[in-house]
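Trainee: sequence and computational prediction follow.
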Amino acid sequence: MRRRNAGFTLIEIMVVLVVVGLLAVIAVVNLGSGGQRQALENDIRELFLLMQTASEEAVFNNQELGVRVTDEGYRFLALDPLEESWEPLGERLFEPRQWSEGVVVTLDVDTSLPGLASGEDDGGEEEALQPDIVFFSSGESTAFELVFSPRGRDEVRHRLETDGLEPIEWLRPGESDDWEEE
């Protein structure tokens, strides 16, 4: 009886290593883009919920609230009726926030509708605290469209939008194309 050596040949080991290497590369690439997509959706979800909350608080507290959107992040403001100026909202819930890395934000505000101007405009810090979007105590808001996409991937676009009378709507990439065709 002839005895057979137990074990794997060099070619079998090399094939297994190549397959494992390819699977590892695929997993890393998928996790990388999934992480960026998840961070983008988390940023949008957080802003969406905070804007809804700010809109409700404006009605309940009979006070105009606003949000200032920049390339770096956003902050919520409250109109001080005595000073006739916008001040940072002091509540912890509405602290200034930064966008996750790689998030590109474009804001389009309907300027044909009347806004809410602050008293005097001396430039400087006053101008930096002007909100882009205002939530009025009447329940209305500034009409706007806020578009989010990962840097370098313009085809993946999320939108937050309202006509100023309806609640804010979050349109995800597949939904926004369907919505535009109607």
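Mentor: The structure has been received and is ready for your questions. Numbers count the residues shown, from 1 in each chain.
Trainee: C-alpha only now, for contacts and for neighbours.
Mentor: Fine.
Trainee: so after the helix or strand of the chain at the bottom of the mean pLDDT ranking, what's the next helix or strand?
Mentor: Scoring the helices and strands of the chain by mean pLDDT, DSSP states H and E places helix 124-128 at the bottom, with a mean of 49. Once the chain leaves helix 124-128, the next helix or strand it forms, by DSSP states H and E, is strand 133-135.
Trainee: in that next one, which residues are buried?
Mentor: For strand 133-135, the neighbour count (16 or more other Cα atoms under 10 Å) marks I133, V134, F135 as buried.
Trainee: what residue lies at the spatial centre of the protein?
Mentor: I44 (3.0 Å; Cα atoms, centre = their mean).
Trainee: confirm G21 sits in a helix?
Mentor: Yes. According to DSSP: H, G, I helix; E, B strand; the rest coil, G21 belongs to a helix.
Trainee: how much space between it and L93?
Mentor: 45 Å (Cα to Cα, to the nearest Å).
Trainee: repeat for V67
Mentor: From V67 to L93 the distance is 13 Å (Cα to Cα).
Trainee: neighbour count for those two, which is higher?
Mentor: Here V67 and L93 are set side by side on neighbour count (other Cα atoms under 10 Å), and the busier one is V67, at 25 against 11.
Trainee: sheet partners, orientation included, of the helix or strand harbouring that one?
Mentor: Assigned by DSSP H and E, V67 belongs to strand 65-69. Paired neighbours of strand 65-69 in the sheet (DSSP bridges): strand 73-80 (antiparallel), strand 133-135 (antiparallel).
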